[in-house]
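**Student:** Pasted the sequence and its predicted model underneath.
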Amino acid sequence: AQSVTQLDSQVPVFEEAPVELRCNYSSSVSVYLFWYVQYPNQGLQLLLKYLSGSTLVKGINGFEAEFNKSQTSFHLRKPSVHISDTAEYFCAVRERGGYTASKLTFGTGTRLQVTL
Amino acid sequence: EAGVTQSPTHLIKTRGQQATLRCSPISGHTSVYWYQQALGLGLQFLLWYDEGEERNRGNFPPRFSGRQFPNYSSELNVNALELEDSALYLCASSSGKGQSNQPQHFGDGTRLSIL
(Lines give C-alpha, C1' and ligand atoms only; values in the text may rest on other atoms or scores of the structure.)
Protein backbone atom coordinates (compact mmCIF):
# COMPACT_ATOMS: atom_id res chain seq x y z
CA ALA A 1 0.00 0.00 0.00
CA GLN A 2 1.06 3.56 -0.60
CA SER A 3 0.38 6.83 1.13
CA VAL A 4 1.08 10.45 0.24
CA THR A 5 1.55 13.33 2.65
CA GLN A 6 1.22 16.95 1.67
CA LEU A 7 2.21 18.74 4.83
CA ASP A 8 0.93 22.17 3.87
CA SER A 9 -2.81 22.49 3.42
CA GLN A 10 -2.45 26.13 2.36
CA VAL A 11 0.47 28.15 0.97
CA PRO A 12 0.02 31.91 0.60
CA VAL A 13 2.54 33.65 -1.65
CA PHE A 14 2.94 37.00 -3.38
CA GLU A 15 2.96 37.21 -7.15
CA GLU A 16 6.42 36.80 -8.74
CA ALA A 17 7.76 35.10 -5.60
CA PRO A 18 9.09 31.53 -5.70
CA VAL A 19 7.09 28.69 -4.21
CA GLU A 20 7.67 25.11 -3.10
CA LEU A 21 4.84 22.67 -2.40
CA ARG A 22 5.98 19.67 -0.41
CA CYS A 23 5.09 16.06 -1.03
CA ASN A 24 6.35 12.97 0.78
CA TYR A 25 5.27 9.43 0.04
CA SER A 26 5.47 6.01 1.59
CA SER A 27 5.49 2.76 -0.34
CA SER A 28 6.88 -0.74 0.03
CA VAL A 29 7.39 -0.97 -3.74
CA SER A 30 8.66 1.32 -6.48
CA VAL A 31 6.25 4.00 -7.61
CA TYR A 32 5.63 6.54 -10.30
CA LEU A 33 4.97 10.09 -9.12
CA PHE A 34 2.61 12.76 -10.41
CA TRP A 35 1.51 16.30 -9.68
CA TYR A 36 -1.97 17.46 -10.69
CA VAL A 37 -3.60 20.89 -10.46
CA GLN A 38 -7.29 21.55 -9.91
CA TYR A 39 -8.77 24.95 -10.72
CA PRO A 40 -12.14 25.88 -9.21
CA ASN A 41 -15.05 23.85 -10.57
CA GLN A 42 -12.79 21.83 -12.81
CA GLY A 43 -11.23 18.39 -12.89
CA LEU A 44 -7.56 17.56 -12.46
CA GLN A 45 -4.92 18.59 -14.97
CA LEU A 46 -1.59 16.77 -15.14
CA LEU A 47 1.30 19.12 -14.34
CA LEU A 48 4.19 16.69 -14.53
CA LYS A 49 5.24 13.11 -13.90
CA TYR A 50 8.30 11.20 -12.80
CA LEU A 51 8.68 7.78 -14.37
CA SER A 52 12.45 7.22 -14.47
CA GLY A 53 15.70 8.88 -15.45
CA SER A 54 16.60 12.42 -14.44
CA THR A 55 15.30 13.24 -10.98
CA LEU A 56 14.46 16.81 -12.02
CA VAL A 57 11.24 16.84 -13.99
CA LYS A 58 9.88 19.84 -15.86
CA GLY A 59 6.18 20.26 -16.44
CA ILE A 60 3.68 22.70 -17.83
CA ASN A 61 3.20 26.32 -16.75
CA GLY A 62 6.81 26.66 -15.58
CA PHE A 63 6.56 24.09 -12.78
CA GLU A 64 9.23 21.55 -11.98
CA ALA A 65 9.66 18.83 -9.37
CA GLU A 66 12.58 16.90 -7.97
CA PHE A 67 12.40 13.23 -7.03
CA ASN A 68 14.48 12.36 -3.97
CA LYS A 69 14.46 8.62 -3.37
CA SER A 70 16.36 8.71 -0.08
CA GLN A 71 13.95 11.23 1.40
CA THR A 72 10.93 9.76 -0.42
CA SER A 73 9.97 13.24 -1.54
CA PHE A 74 8.70 14.84 -4.73
CA HIS A 75 8.47 18.57 -4.06
CA LEU A 76 6.94 20.91 -6.63
CA ARG A 77 8.58 24.26 -7.36
CA LYS A 78 8.07 27.36 -9.45
CA PRO A 79 10.60 30.22 -9.48
CA SER A 80 8.01 32.96 -10.03
CA VAL A 81 4.27 32.47 -9.52
CA HIS A 82 1.42 34.27 -11.20
CA ILE A 83 -2.07 35.09 -9.97
CA SER A 84 -3.39 32.46 -12.38
CA ASP A 85 -1.49 29.75 -10.47
CA THR A 86 -4.00 30.04 -7.63
CA ALA A 87 -5.45 26.53 -7.40
CA GLU A 88 -5.38 23.23 -5.49
CA TYR A 89 -2.35 21.05 -6.13
CA PHE A 90 -2.35 17.29 -5.62
CA CYS A 91 0.60 14.94 -5.39
CA ALA A 92 -0.12 11.33 -6.39
CA VAL A 93 1.69 8.01 -6.59
CA ARG A 94 1.05 4.89 -8.56
CA GLU A 95 2.65 1.55 -7.92
CA ARG A 96 4.88 0.29 -10.72
CA GLY A 97 3.61 -2.90 -12.14
CA GLY A 98 0.78 -4.52 -13.95
CA TYR A 99 -2.95 -4.63 -13.81
CA THR A 100 -3.53 -4.48 -10.09
CA ALA A 101 -1.31 -1.47 -9.66
CA SER A 102 -3.28 0.99 -11.67
CA LYS A 103 -5.00 3.25 -9.15
CA LEU A 104 -3.64 6.64 -8.16
CA THR A 105 -3.19 7.40 -4.47
CA PHE A 106 -3.52 11.10 -3.78
CA GLY A 107 -2.37 13.43 -1.07
CA THR A 108 -4.88 15.71 0.61
CA GLY A 109 -3.93 18.66 -1.55
CA THR A 110 -2.26 22.04 -1.05
CA ARG A 111 -4.16 25.23 -1.74
CA LEU A 112 -1.82 27.75 -3.40
CA GLN A 113 -3.10 31.29 -2.94
CA VAL A 114 -1.24 33.91 -4.97
CA THR A 115 -1.84 37.58 -4.12
CA LEU A 116 -0.58 40.90 -5.46
CA GLU B 1 -8.62 16.10 -29.62
CA ALA B 2 -11.49 16.01 -27.15
CA GLY B 3 -10.65 15.35 -23.54
CA VAL B 4 -12.53 13.20 -21.07
CA THR B 5 -16.17 14.26 -20.97
CA GLN B 6 -18.58 13.66 -18.12
CA SER B 7 -22.33 14.12 -17.82
CA PRO B 8 -24.30 15.52 -16.23
CA THR B 9 -22.34 18.42 -14.73
CA HIS B 10 -24.62 18.54 -11.71
CA LEU B 11 -27.04 15.99 -10.32
CA ILE B 12 -29.42 16.50 -7.42
CA LYS B 13 -31.03 13.49 -5.79
CA THR B 14 -32.73 12.59 -2.54
CA ARG B 15 -31.81 9.89 -0.07
CA GLY B 16 -32.65 6.38 -1.26
CA GLN B 17 -32.71 7.25 -4.94
CA GLN B 18 -30.33 5.96 -7.58
CA ALA B 19 -27.85 8.04 -9.60
CA THR B 20 -26.20 7.32 -12.94
CA LEU B 21 -23.09 9.21 -14.00
CA ARG B 22 -21.54 8.94 -17.45
CA CYS B 23 -18.03 9.26 -18.84
CA SER B 24 -16.52 9.27 -22.32
CA PRO B 25 -12.76 8.67 -22.41
CA ILE B 26 -10.23 10.26 -24.70
CA SER B 27 -10.32 8.62 -28.12
CA GLY B 28 -8.01 5.61 -28.14
CA HIS B 29 -8.01 5.16 -24.37
CA THR B 30 -9.34 1.82 -23.17
CA SER B 31 -9.02 2.30 -19.40
CA VAL B 32 -11.53 4.31 -17.40
CA TYR B 33 -11.19 5.14 -13.70
CA TRP B 34 -13.68 6.62 -11.25
CA TYR B 35 -12.71 8.68 -8.20
CA GLN B 36 -14.76 10.32 -5.49
CA GLN B 37 -13.74 13.74 -4.16
CA ALA B 38 -15.73 14.36 -1.02
CA LEU B 39 -15.29 17.32 1.29
CA GLY B 40 -12.82 16.45 4.00
CA LEU B 41 -12.03 13.02 2.55
CA GLY B 42 -9.89 13.93 -0.44
CA LEU B 43 -9.68 11.94 -3.65
CA GLN B 44 -10.55 8.29 -3.26
CA PHE B 45 -10.25 5.59 -5.93
CA LEU B 46 -13.57 3.92 -6.73
CA LEU B 47 -13.34 1.68 -9.78
CA TRP B 48 -11.18 0.84 -12.78
CA TYR B 49 -12.48 -0.61 -16.04
CA ASP B 50 -10.44 -1.83 -18.97
CA GLU B 51 -11.62 -3.59 -22.11
CA GLY B 52 -15.12 -3.87 -20.68
CA GLU B 53 -14.08 -5.60 -17.45
CA GLU B 54 -13.87 -4.33 -13.88
CA ARG B 55 -10.15 -4.65 -13.03
CA ASN B 56 -9.90 -3.11 -9.59
CA ARG B 57 -12.15 -1.66 -6.94
CA GLY B 58 -11.58 0.72 -4.06
CA ASN B 59 -12.94 0.45 -0.54
CA PHE B 60 -16.54 1.34 -1.33
CA PRO B 61 -19.77 -0.59 -0.65
CA PRO B 62 -21.38 -2.70 -3.40
CA ARG B 63 -24.06 -0.08 -4.04
CA PHE B 64 -21.34 1.69 -6.02
CA SER B 65 -21.13 -0.14 -9.31
CA GLY B 66 -20.56 0.54 -12.95
CA ARG B 67 -19.83 -0.80 -16.34
CA GLN B 68 -17.85 -0.10 -19.47
CA PHE B 69 -19.39 -0.27 -22.91
CA PRO B 70 -17.84 -1.61 -26.16
CA ASN B 71 -16.95 1.98 -27.17
CA TYR B 72 -15.05 2.28 -23.84
CA SER B 73 -17.44 4.83 -22.35
CA SER B 74 -18.49 4.10 -18.81
CA GLU B 75 -21.31 4.52 -16.32
CA LEU B 76 -21.09 4.80 -12.57
CA ASN B 77 -24.23 3.79 -10.70
CA VAL B 78 -24.86 4.61 -7.09
CA ASN B 79 -27.87 2.91 -5.48
CA ALA B 80 -29.67 3.72 -2.25
CA LEU B 81 -28.10 7.17 -2.07
CA GLU B 82 -26.97 8.46 1.30
CA LEU B 83 -26.18 12.01 2.37
CA GLU B 84 -22.48 11.13 2.58
CA ASP B 85 -22.45 10.29 -1.13
CA SER B 86 -22.52 14.02 -1.88
CA ALA B 87 -19.26 14.65 -3.70
CA LEU B 88 -17.56 15.47 -6.97
CA TYR B 89 -17.17 12.28 -8.99
CA LEU B 90 -14.22 12.38 -11.36
CA CYS B 91 -13.64 10.12 -14.31
CA ALA B 92 -10.20 9.59 -15.82
CA SER B 93 -8.90 7.65 -18.79
CA SER B 94 -5.56 6.31 -19.89
CA SER B 95 -4.06 4.32 -22.71
CA GLY B 96 -1.97 1.18 -22.54
CA LYS B 97 -4.41 -1.16 -20.81
CA GLY B 98 -3.93 0.52 -17.48
CA GLN B 99 -0.15 0.32 -17.47
CA SER B 100 0.96 2.33 -14.49
CA ASN B 101 3.42 4.51 -16.42
CA GLN B 102 0.56 5.93 -18.51
CA PRO B 103 -0.82 9.11 -16.94
CA GLN B 104 -4.51 9.39 -16.19
CA HIS B 105 -6.37 12.29 -17.78
CA PHE B 106 -9.37 13.64 -15.90
CA GLY B 107 -12.73 15.08 -16.84
CA ASP B 108 -14.35 18.03 -15.08
CA GLY B 109 -16.50 15.79 -12.93
CA THR B 110 -20.13 15.40 -11.94
CA ARG B 111 -21.23 17.19 -8.78
CA LEU B 112 -23.68 14.90 -7.00
CA SER B 113 -25.75 16.50 -4.27
CA ILE B 114 -27.99 14.45 -2.00
CA LEU B 115 -30.82 16.27 -0.27
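**Tutor:** All right, it came through fine.
**Student:** Which parts of chain A are strands?
**Tutor:** Secondary structure of chain A by DSSP state E: the strands cover A:2-5, A:10-14, A:19-21, A:24-27, A:31-38, A:44-50, A:56-58, A:64-68, A:73-78, A:87-95, A:105-106, A:110-115.
**Student:** now for these, which one comes closest to B:Ser74?
**Tutor:** Nearest of the strands of chain A to B:Ser74, taken as C-beta to C-beta: strand A:44-50 at 17.1 Å. Glycine gets a C-beta too; all of them are placed from N, C-alpha and C.
**Student:** Just list whatever residues bridge to A:Trp35.
**Tutor:** A:Leu48, A:Cys91 (DSSP bridges).
**Student:** quick one: contacts for A:Asn61?
**Tutor:** For A:Asn61, the contacting residues are A:Val37, A:Leu47, A:Lys78, A:Asp85, by C-beta atoms under 8 Å, 6 or more residues apart in numbering or on different chains.
**Student:** re earlier: got a markdown table for the strands of chain A, with distance to B:Asp85 too?
**Tutor:** Formatted as a markdown table, those follow (distance: least, C-beta to C-beta, whole Å):
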| stretch | distance to B:Asp85 |
| --- | --- |
| strand A:2-5 | 24 |
| strand A:10-14 | 27 |
| strand A:19-21 | 30 |
| strand A:24-27 | 29 |
| strand A:31-38 | 20 |
| strand A:44-50 | 20 |
| strand A:56-58 | 36 |
| strand A:64-68 | 34 |
| strand A:73-78 | 31 |
| strand A:87-95 | 21 |
| strand A:105-106 | 19 |
| strand A:110-115 | 24 |
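**Student:** any idea of the pLDDT on A:Trp35?
**Tutor:** Note for A:Trp35: predicted pLDDT of 97.
**Student:** Could I get the contacting residues of it?
**Tutor:** A:23, A:46-49, A:59, A:63, A:65, A:74, A:76, A:89-92.
**Student:** Relative to B:Ser86, how far out is it?
**Tutor:** Distance of A:Trp35 to B:Ser86, computed by C-beta to C-beta, to the nearest Å: 27 Å.
**Student:** what does A:Val4 give?
**Tutor:** For A:Val4, the distance to B:Ser86 - C-beta to C-beta - is 24 Å.
**Student:** Surely B:Glu84 forms part of a helix?
**Tutor:** Yes - secondary structure of B:Glu84 (DSSP: H, G, I helix; E, B strand; the rest coil): part of a helix.
**Student:** Test my guess that it contacts B:Ala38.
**Tutor:** Yes - B:Glu84 is within contact range of B:Ala38, at 7.4 Å (criterion: C-beta atoms under 8 Å).
**Student:** So these two - more neighbours on which side?
**Tutor:** Shown here are B:Glu84 and B:Ala38; by other C-beta atoms under 10 Å in any protein chain shown, B:Ala38 has more neighbours (15 against 9).
**Student:** which residues touch B:Thr110?
**Tutor:** B:Gln6, B:Ser7, B:Pro8, B:Thr9, B:His10, B:Leu11, B:Leu21, B:Leu88, B:Tyr89.
**Student:** The first one bridge partners, please.
**Tutor:** What that stands for is B:Gln6. B:Cys23.
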